[in-house]
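Trainee: have a look at this fold, sequence not included:
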C-alpha cells in the first residue's frame, strides 16, 4: 500500500559569503531560531516592505489625481447633487 504525500513546503538552496554566513548563524543562535525560521521571517519582512513601498507609490500617484483636494464630504455632496438632478429629470419626464 503506497501513500502519496505532497510536501507542504519547498526547499531552497541559498549561498552566502562566509562572513555573511557567520552572521546568519550568530543571529539564529541569539534568537534561538533555526536558519529556516530566520529566513522565513526575513522574507515576510521583505515582502511587507515591498507592499509598503507599492502603497506609498500608489498613494503618491493618487495624490496627483485630486489637485483640487476634494474631501470625502465633497464627494458625498457631489453624488447627492447628481442623484437629485437625475431624480428631478426623471420626475419631469414622467
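Mentor: That came through fine. Since this is a predicted model, take the numbers as computed values, not measurements.

Trainee: what helix or strand is residue 80 located in?
Mentor: Following DSSP states H and E, one finds residue 80 within helix 72-93.

Trainee: let me know the average pLDDT across that helix.
Mentor: Averaging pLDDT along helix 72-93 gives 93.

Trainee: hmm, who's touching it?
Mentor: Defining contact as Cβ atoms under 8 Å, 6 or more residues apart in numbering, one finds that helix 72-93 is touched by residue 70. For the C-beta atoms, the positions are set from N, CA and C on the backbone; glycine is no exception.

Trainee: the longest helix seen in the chain packs against which elements?
Mentor: Longest helix in the chain, counting residues (DSSP state H): helix 35-64. Helices and strands touching helix 35-64, by 3 or more Cβ pairs under 8 Å, 6 or more residues apart in numbering; DSSP states H and E, are helix 18-30.

Trainee: now the angle from the helix it packs on to helix 35-64?
Mentor: Using axes from the mean of the first three to the mean of the last three Cα atoms, to 10 degrees, the direction of helix 18-30 lies 100 degrees away from that of helix 35-64.

Trainee: fine by me, we can end here.
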